[in-house]
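Peer 1: predicted coordinates and the sequence they were generated for:
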Amino acid sequence: MNELPQQLANGLALGALYGLIAIGYTMVYGIVQLINFAHGEIFMIGGFGALTIYIWLPSGVSLLVAIPLMIIGGAIASVAVATAAERFAYRPLRGAPRLAPLITAIGLSIALQQIVWGFYPDAKKHKSFPEFSGDAFKITDDLLIQRADAFVLVLAPLCMLALGFFVSKSRSGRAMQATAQDPDTAKLMGVNTDRIIVMAFAIGAAFAAVAAVAYGLDKGQINFEMGFILGLKAFTAAVLGGIGNIYGAMVGGVVLGLAESLSIAYIEEIPGMHQLGGGAWSNVWAFVLLIVVLLVRPQGLLGERVADRA
């Protein structure tokens, strides 16, 4: 039990990362009811965009200077790809049966992986990513917060608060809510629904780029396949919290992160279950949690509140 505070902190940091990615899924679904399975690759492209900016910077530049520039570079790359995907892959299929854009999203996911694998220099192997230097923050004898974890724990709530304020207070945010509730009526009221949909894709992609920088700083490396499993887990977090609910995405991410962290630490300590613990089973327990929650509460933990869908 002495490890519990540390495992909770690890789970919160992991959950915040999932939540940042999950917001992209839930915003797009909230407006166009599309499960954008290519969003994991949007996250991956944000990481490679950020790394490219870091490589271009002068040698020896401080990480405190580099990180904001990396986030901007990653966001530009992610937003460019996401908005292009919306315009050329999803918009022509907007009136088609739902299976068509779903299959398109899966195909786009594979295509983006292969494009990065084939055209980014040395993308066939893991690419080194800058890391924070210095010791972890010592909170208590039993609790250390790594600098990369502190980064995401600070940035994720700030991003979430900024998004909540934007959706609830700004004119574009109210247009998002109107489009999510009834796109046809919103269009009759003068809302440019195409612009709103592009904005939802762009915001989700920008959040994914922030998550990609946080992931790279934590792991010290990125690769062209990293978006697949993280994208699946972020989608799981969005469904867990209530797909279409922007606050539920973050709550679902935190719950999923805590469940993973605790299962890695404690499942193997249960008599007779030592073979079902450890990191190799963390993905399994994440999806077991999703199944259990959906059996009890199919709409997710926070449900799907139409007024908050964006």
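Peer 2: Received, thanks.
Peer 1: which strands and helices lie in contact with the helix or strand containing residue 237?
Peer 2: Taking DSSP states H and E as the criterion, residue 237 maps to helix 226-241. Helix 226-241 sits against helix 4-32, helix 39-56, helix 99-119, helix 246-266, helix 282-296, with contacts defined as 3 or more CB pairs under 8 Å, 6 or more residues apart in numbering; DSSP states H and E. For the C-beta atoms, the positions are set from N, CA and C on the backbone; glycine is no exception.
Peer 1: out of the ones you listed, which is closest to residue 220?
Peer 2: With CB to CB as the measure, helix 39-56 is the member of those nearest residue 220 (11.5 Å).
Peer 1: buried residues, the helix or strand following that closest one. List them.
Peer 2: For helix 39-56, the following helix or strand on the C-terminal side (DSSP H and E) is helix 63-85. For helix 63-85, burial by neighbour count (16 or more other CB atoms under 10 Å) applies to 66-67, 70-71, 73-79, 81-83, 85.
Peer 1: same question for stretch 227-241.
Peer 2: In terms of neighbour count (16+ other CB under 10 Å), stretch 227-241 has its buried residues at 227-228, 230-231, 233-241.
Peer 1: what of stretch 33-46?
Peer 2: 34-46.
Peer 1: what's the closest of these to residue 112?
Peer 2: Using CB to CB, these come closest to residue 112 at residue 41, 3.9 Å.
Peer 1: so residue 127 touches residue 222, yeah?
Peer 2: Yes. The pair residue 127 / residue 222 is scored as a contact, 5.4 Å apart, by CB atoms under 8 Å.
Peer 1: of the two, give the one with the bigger neighbour count.
Peer 2: residue 222 (23 against 19; other CB atoms under 10 Å).
Peer 1: now for the nearest residue to that one once chain neighbours are set aside, how many residues are close by?
Peer 2: Of all residues beyond its chain neighbours, the one nearest residue 222 is residue 47 (4.3 Å), with distances taken as CB to CB, 6 or more residues apart in numbering. By other CB under 10 Å, the residues close to residue 47 number 31.
Peer 1: out of the buried residues of stretch 227-241, the closest to residue 189 would be?
Peer 2: Nearest to residue 189 among those is residue 238, at 28.2 Å by CB to CB.
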